[in-house]
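Novice: sharing a model that was predicted from the sequence below.
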Protein chains: 2
Amino acid sequence: MNALCSNTRMNRSSTILSKSPAEIASSEQIGLPHAPTFSPLYQQIKALITQSLEAGEWKPGAPIPSEVELAARYKVSQGTVRKAISVLAAENLLVRRQGKGTFVATHSEARAQFRFLRLLSEEGASTAYASHLLECRRLRAPAEIARPLELKPNEPVILIKRTLQFGELVAVFDEIWLPGNLFRGLTPERLAAYHGPLYGLFETEFGTRMIRASEKIRALAADAVVAAALRVAPGHPLLNVERVSYTYGDKPVEVRRGWYVTDTFYYQNDLS
Amino acid sequence: MNALCSNTRMNRSSTILSKSPAEIASSEQIGLPHAPTFSPLYQQIKALITQSLEAGEWKPGAPIPSEVELAARYKVSQGTVRKAISVLAAENLLVRRQGKGTFVATHSEARAQFRFLRLLSEEGASTAYASHLLECRRLRAPAEIARPLELKPNEPVILIKRTLQFGELVAVFDEIWLPGNLFRGLTPERLAAYHGPLYGLFETEFGTRMIRASEKIRALAADAVVAAALRVAPGHPLLNVERVSYTYGDKPVEVRRGWYVTDTFYYQNDLS
DNA sequence: TAGTGGTCTAGACCACCAT
DNA sequence: TGGTGGTCTAGACCACTAC
């Protein structure tokens, strides 16, 4: 029935977890013949670790238990735990440091700063920037925002408008939309007082960690409002970046529309 | 001295390869104290497999020897070969198919078609397109092309100009620069006769396989020439994509400048 | 049925880091 | 010195694909 049935070695079939992996593996179709739904042990362990991350059992930046400890906890071999952790590290949820331990990844780190901001100066350097808050208010979600956030129309959302300034140059204008219910204590004062990457604030103060994002990039002419914010002429060509960010379980938790001035900066992308 | 000295188990120190891994590992600094230059066995195996790929021992689309065979050939355990192959598969150089074997990745495959063309229609579909050759000639490399291709100024290069048409819409204008010495038999006739992805042609006919690429993306206004090719008004906002593609050993082998009409298409990018 | 890649284990040893 | 992650092995068994 469940995935573990095919694992016949004694220590396999006797696997007992606080939350049984059988419970996880069997949650998929039951009556379909010839649909094996085989789930490797390490993927089940990975799911358990992800649950602990999502539940906040280990905080961003903090170490998780050692591989030996986790192997004992889940009653599997160290190698199986290693494989699960390796996948999570490849997905940027965990960071392994030889000799020290495995840590929960965090956006409040120099390393991760530019993982979600691919704007580089002409010399190829990731430049420091300053954020300027223009607006932050709560409103009811318009349809085109509610849809990607998987909210009902008119549910509360937070709208943040800001610019990013690199040296003298205002290069980015952002409209950031967040589900109001997930970010209850987010006020203009709170935002203005915070310095650092927004995603760092979100994960430490609101328990919402951005895992991945998907961007749609276009070129368009600046309208009057955006042109004023970016100090360019209306009609100036701008890079338009529409991002949807996701947290655990592929749940969308942010819509971000950015307008980039790419006269002396460019959006960097590596294909591999 | 070399990296294998630290591997003391008998079957480790007795490792003998047709091309000794010691030779590879020892090619780095010798006199520097406290600089270990430890190179895991699987990375040395990976380098050997890469050499065979580069030398064309196994052709694109063809299977490489089984893990057991490679383990015997390199006199290491199957697990070590597995790890080396896993890394190469993660880098898209190999493709593993359970029950069938491991195959050399190829651009002449539906799977790989849109790995290097991230242009999607508004509905999110990767649409079929037709390529129209505008120009193909040999000339001496201008400085701004010679530099990224790591050629001497005035070395021969091939310049290809083309458009890509999605249904009725001409959405892409490309300028493609290739090292003349690597693509000797590349003629306009040859190009016009070929239908399919260019990178497929390059790997099957010229033995040059594109491994990865790096793109710089900007928004700019269409100039007269590009506007005419794309059937838009001069000044129309266009996405400008400057790509450098690399083959084995991070050797640059293509510079590509693209101009995309993003009124009904967009450039898709996933951050993770 | 035979061969492939995929999973899992157990144990040994290494490199790195803190103390 | 002891603990962490990293490498490597040997062997068993499983899932998938072909013949």
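Specialist: Received the coordinates, thanks.

Novice: C-alpha only now, for contacts and for neighbours.
Specialist: OK.

Novice: distance of residue A:210 from residue A:250?
Specialist: 10 Å (C-alpha to C-alpha, to the nearest Å).

Novice: these two: who's more crowded?
Specialist: residue A:210 (24 against 12; other C-alpha atoms under 10 Å in any protein chain shown).

Novice: from what I see, the more buried one and residue A:243 are in contact.
Specialist: No. Between residue A:210 and residue A:243 there is no contact under C-alpha atoms under 8 Å: 11.9 Å.

Novice: contacts only, for the residue lying closest to residue A:149 once chain neighbours are set aside.
Specialist: In space, and not counting its chain neighbours, residue A:149 is closest to residue A:252: 5.3 Å by C-alpha to C-alpha, 6 or more residues apart in numbering or on different chains. Taking C-alpha atoms under 8 Å, 6 or more residues apart in numbering or on different chains, we find residue A:252 in contact with A:148, A:149, A:150, A:244, A:245, A:246.

Novice: what of residue A:54?
Specialist: Contacts for residue A:54 (C-alpha under 8 Å, 6+ apart) come out as residue A:248.

Novice: check which helix or strand covers it.
Specialist: helix A:41-55 (DSSP states H and E).

Novice: what packs against the next helix or strand after that helix?
Specialist: Using DSSP H and E, the next helix or strand after helix A:41-55 towards the C-terminus is helix A:67-74. Helix A:67-74 sits against helix A:78-90, with contacts defined as 3 or more C-alpha pairs under 8 Å, 6 or more residues apart in numbering or on different chains; DSSP states H and E.

Novice: ok, the helix or strand that comes right after the helix it packs on near DNA strand D or not?
Specialist: Using DSSP H and E, the helix or strand that follows helix A:78-90 in sequence is strand A:94-97. Yes. Using C-alpha under 7 Å from any atom of the strand, strand A:94-97 reaches DNA strand D at A:96, A:97.

Novice: strand A:94-97 - what's its average pLDDT?
Specialist: Taken as a whole, strand A:94-97 has an average pLDDT of 98.

Novice: then stretch A:58-75?
Specialist: pLDDT averaged over stretch A:58-75 gives 97.

Novice: hmm, it touching DNA strand D?
Specialist: Yes. Judged by C-alpha under 7 Å from any atom of the strand, stretch A:58-75 comes into contact with DNA strand D through A:64, A:65, A:66, A:67, A:68.

Novice: residue contacts, the last one?
Specialist: When you say that, I think you mean residue A:68. Residues near residue A:68 by C-alpha under 8 Å, 6+ apart: residue A:78.

Novice: 10 Å - rerun?
Specialist: Contact partners of residue A:68, counting by C-alpha atoms under 10 Å, 6 or more residues apart in numbering or on different chains, are A:76, A:77, A:78, A:79, A:81, A:82.

Novice: contacts only, for the fifth one.
Specialist: Counting by C-alpha under 10 Å, 6+ apart, residue A:81 touches A:41-43, A:45-46, A:49, A:66-72, A:74-75.

Novice: so among those, which ones count as buried?
Specialist: Neighbour counting with 16 or more other C-alpha atoms under 10 Å in any protein chain shown marks A:41, A:42, A:43, A:45, A:46, A:49, A:66, A:67, A:70, A:71, A:74, A:75 as buried within those.

Novice: now do the end-to-end distance for stretch A:70-86.
Specialist: End to end - C-alpha to C-alpha - stretch A:70-86 spans 14 Å.

Novice: now the strands for the stretch 151-272 of chain A?
Specialist: For the stretch 151-272 of chain A, strands defined by DSSP state E, counting those that start in this stretch occupy the ranges A:156-166, A:169-179, A:212-221, A:237-247, A:251-260, A:265-271.

Novice: excluding chain neighbours, what is closest to residue A:231?
Specialist: Nearest non-adjacent residue to residue A:231 (C-alpha to C-alpha, 6+ apart): residue A:170, at 7.3 Å.

Novice: count of residues packed around the one you found?
Specialist: Neighbours of residue A:170 (other C-alpha under 10 Å): 20.

Novice: wait, isn't it in contact with residue A:226?
Specialist: No. Counting by C-alpha atoms under 10 Å, residue A:170 sits too far from residue A:226 to count as a contact (11.3 Å).

Novice: overlap of the contact sets of the two?
Specialist: Contacts common to residue A:170 and residue A:226, judged by C-alpha under 10 Å, 6+ apart, are A:232, A:260.

Novice: test my guess that residue A:216 contacts residue A:259.
Specialist: No. Applying C-alpha under 10 Å as the test, residue A:216 and residue A:259 come out as separate, 11.9 Å apart.

Novice: okay, and the common contacts of the two?
Specialist: A:240, A:241, A:242.

Novice: now the buried members of those residues.
Specialist: Counted by 16+ other C-alpha under 10 Å, the shared contacts of residue A:216 and residue A:259 give A:240, A:241, A:242 as buried.
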